[in-house]
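# Got a predicted model here, sequence first, then my questions.
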Amino acid sequence: MGWPTHIVAAAGYVFDQNNNLLIIKTMNRGWDCTGGQIETGESVEEGLLREIFEESGVKAKIKSLCGIYSNVGTHLYYDGQTMVPTKVMMDFICEYESGELRISEESSEVIWVPREEVMNYVTAHAMRYRFEKALNFDGKVTYASYVSNPEFRVLSERFV
């Protein structure tokens, strides 16, 4: 038996004091929340806060876990050659603490959007699904597995 080959990632839905949500325009996925892969030696929380700051210039604090997702499909990366393994992603509701918005190597635009307008920006099916869960978070954590390629479909969903 070989070692598992899952990618572990975290996403932060960062809200400001006016209930606006921080979103970034990525190079490959369009509009998205901040987040990314957890690096060796990092906790999920440390990795998430690092990703939020790297991608947006914002320092945030984590308020609540809102979702755990498994993308169980495998597909080719944007380079057309590398296989992307199964991903486990944890989504968190976060609160703005400080910082000025700025772009990065991973974001071409960084903006605050009123909560009720966020879904006008997000186009990727899997991200729309997760954004809807985060925007409607009622204290119950969503656990779901899905496949995003070639066509998005939810395989299972429960709330805990």
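Cool, the structure landed. Residues are numbered from 1 along each chain as shown.
# The lowest-mean-pLDDT helix or strand in the chain - contacts with which helices or strands?
One helix or strand of the chain scores below all others by mean pLDDT, DSSP states H and E: strand 75-76, with a mean of 71. Helices and strands touching strand 75-76, by 3 or more Cβ pairs under 8 Å, 6 or more residues apart in numbering; DSSP states H and E, are strand 83-84. C-beta: built from backbone N, CA, C; applies to glycine.
# And the next helix or strand past the strand it packs on?
With elements assigned by DSSP states H and E, the helix or strand that comes after strand 83-84 is strand 87-98.
# Give the pairing partners of whichever helix or strand comes after that next one; include direction for each.
Using DSSP H and E, the helix or strand that follows strand 87-98 in sequence is strand 109-114. Partner strands for strand 109-114, per DSSP bridges, with pairing direction: strand 20-26 (antiparallel).
# if I pick the closest residue in space to residue 29 that isn't next to it in sequence, what's in contact with it?
Distances taken as Cβ to Cβ, 6 or more residues apart in numbering put residue 124 closest to residue 29, at 5.4 Å, once the chain neighbours are dropped. Neighbouring residues of residue 124 by Cβ atoms under 8 Å, 6 or more residues apart in numbering: 29, 30, 32, 148.
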